[in-house]
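Enquirer: Would you be able to build a 3D model of this:
(2 chains)
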Amino acid sequence: MGDVKVLGFWASPFSGRVEMALKLKGVEYEYIEEDLSNKSPLLLKYNPVHKKVPLLLHNAKPVAESLVILEYIDETWPEGPPILPKDPYERSKARFWARFVEDKCMPAMWKACWSRGEEQEKTKEEAVELLRILDSEIKGKKFFGGDNIGLVDITANFIAYWFGIVAQVVGLDEVITKETHPNLCKWIEEYNNCSFVKENVPVKDKLAEKFKEGIQAAAKSSPDSAS
Amino acid sequence: MADELILLDVHVSMFGMRVRVALAEKGIEYEYREENLANKSPLLLEMNPVHKKIPVLIHNGKPISESLIIVQYIDEVWTGKSPLLPSDPYQRAHARFWADFVDKKIFDAGRRIWTRKGEEQEAATKELIDALKLLEGELGEKAYFGGDKFGFVDMALITFYSWFYTYETCGNFSVEEHCPKLVAWAKRCMERESVSKSLADPKTVYEFVLMLKKKYGIE
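Expert: Here you go, the predicted structure:
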């Protein structure tokens, strides 16, 4: 197995993805909590390009960017449950949808949470549409990965778990609804009821508190701040 | 078993060029179809309904989209010759990280250089140069980003070389002045037939941009 460390932040869904993948594979690791307002010399040394978490250190060799880390974990520990499918075409689809969640859905959803007035209406509409596309993709499947959680499910942890909590804190509703996203809602329920997921996400109240702090801090500094 | 391969592409697209380079590296034959982005073909809209973008590789009727995803697909299907990614998982992660860096940092800054003016353009130029300098640092003394073999990161970045002339002309700067080693690397890559045959001519790219600027009223 080697020496495995994860530099992360407890409230970050990106961090959460890496921990979920390692736990799925049964890999033991040391978790190091980063204070993002005072980044450790270790983080700055091993991720000088982005200076971000999560960072995986495997035998002191760094791997950064959560989607890159997920593929690394899958390839390094092939004996555990697969994160990506074996077939090249299915793999390309998994990568495509993971990127769609990461590059399209998440930024739109996040922006919708933190904007106001007309801008919020616009970004909310954008998020609803993007999630409609995702809804079509999950139709007829238990998870994006099929019968078991895979790359896309892990990548979409924000959509399944984090988003509901943030949205409630900021008072944003009607983004993911049973009327517009029936299949996605089913997936969210399945995902959050999964014992594996339940054991590996931050406590709801703690996360809600964190986001409330974020709102207060943003209100104090500038209207454009986001946590 | 005859494979049917169609590439939906646009000649000047640095993303499309990546796929052309990959296919050429592997010696794979395919049908190239030029798309007119102002009038997208029904096939493109059918094969990439989510983004409606090129490149799209259609392999025996099944579409693969997103250039770096296509390149990895090609590498995983045609395993016999010229590996595009390293075999070691750590080296692969390293390659994916830097290819992702290129995707995040180069295209957007480059685009702003030819679409904006004044302060915004200057800021975009600085961003681009900073990113290229970081890449040059990563290259170090190696012949290629992959070491002594041309690989994934080289493929991800070299296609932007055909756009350097456009960025430099619009932004009034020289890449070589800031990143001489990177330009030397680019010229080394251009010696490979797979690259020289796949990249668009820089002047063609510039003319295309001028045409777009005129069409959309961008000064």
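Enquirer: From here on, just use CA atoms for contacts and neighbour counts.
Expert: OK.
Enquirer: Now do the contacts for A:Trp77.
Expert: Going by CA atoms under 8 Å, 6 or more residues apart in numbering or on different chains, A:Trp77 touches A:Lys25.
Enquirer: buried set for the lengthiest helix in chain A?
Expert: Criterion DSSP state H: the longest helix present in chain A is helix A:117-138. Neighbour-count burial for helix A:117-138, with 16 or more other CA atoms under 10 Å in any protein chain shown as criterion, is recorded at A:120, A:123-135, A:138.
Enquirer: Now do that helix, average pLDDT.
Expert: On average, the pLDDT along helix A:117-138 is 96.
Enquirer: coming back round to it: so which of the buried residues of helix A:117-138 is the closest to chain B?
Expert: Minimum distance to chain B across these is 7.5 Å, recorded for A:Ile133 (CA to the nearest CA).
Enquirer: how near is the residue nearest to the closest one when sequence neighbours are not counted to A:Glu137?
Expert: Distances taken as CA to CA, 6 or more residues apart in numbering or on different chains put B:Val50 closest to A:Ile133, at 7.5 Å, once the chain neighbours are dropped. To A:Glu137, B:Val50 is 11 Å away according to CA to CA, to the nearest Å.
Enquirer: Would you confirm that B:Leu85 belongs to a helix?
Expert: No - B:Leu85: not assigned to a helix; according to DSSP: H, G, I helix; E, B strand; the rest coil it is coil.
Enquirer: wait, what's in contact with the spatially closest residue to it that is not a sequence neighbour?
Expert: Spatial nearest neighbour of B:Leu85, excluding adjacent residues (CA to CA, 6+ apart): B:Phe152 at 5.6 Å. Listed by CA under 8 Å, 6+ apart, the contact set of B:Phe152 reads B:Leu84, B:Leu85, B:Ala95, B:Arg96, B:Ala99, B:Gly146.
Enquirer: Now do the helices in chain B.
Expert: B:14-25, B:42-47, B:67-77, B:89-115, B:118-139, B:152-158, B:161-171, B:175-178, B:180-190, B:193-196, B:202-216.
Enquirer: And for the spatially closest residue to B:Leu182 that is not a sequence neighbour, the neighbour number?
Expert: Leaving aside its chain neighbours, B:Leu182 sits nearest to B:Glu136 (5.4 Å; criterion: CA to CA, 6+ apart). By other CA atoms under 10 Å in any protein chain shown, the residues close to B:Glu136 number 19.
Enquirer: could you measure B:Glu136 against A:Lys61, distance?
Expert: Taking CA to CA, one finds B:Glu136 at 21 Å from A:Lys61.
Enquirer: Spell out which residues sit in contact with B:Asn48, please.
Expert: B:Val56, B:Pro63, B:Ser65.
Enquirer: from those residues, which single one is nearest chain A?
Expert: B:Ser65 (7.3 Å).
Enquirer: So the residue nearest to that closest one when sequence neighbours are not counted versus B:Ile64, what's the distance?
Expert: Of all residues not flanking B:Ser65 in the chain, B:Val56 sits nearest, at 4.8 Å (CA to CA, 6+ apart). According to CA to CA, B:Val56 and B:Ile64 sit 6 Å apart.
Enquirer: hey, what's in contact with both of these two?
Expert: Joint contacts of B:Val56 and B:Ile64 (CA under 8 Å, 6+ apart) are B:Ile70.
Enquirer: got the residues of chain A near chain B?
Expert: A:63-65, A:68-69, A:71-72, A:75-76, A:88-89, A:91-93, A:95-96, A:133 (CA under 8 Å from any CA of the partner chain).
Enquirer: Could you tell me which of the residues you listed are located in strands?
Expert: A:Val63, A:Ala64 (DSSP state E).
Enquirer: Just the buried residues of the residues of chain A next to chain B.
Expert: Buried among these by 16+ other CA under 10 Å: A:63-65, A:68-69, A:71-72, A:75, A:88-89, A:91-93, A:95-96, A:133.
Enquirer: any idea of the pLDDT on the residue lying closest to B:Lys105 once chain neighbours are set aside?
Expert: In this structure, B:Lys105 finds its nearest non-sequential neighbour in B:Ala131, 6.4 Å apart by CA to CA, 6+ apart. Reading off the confidence values, B:Ala131 has pLDDT 98.
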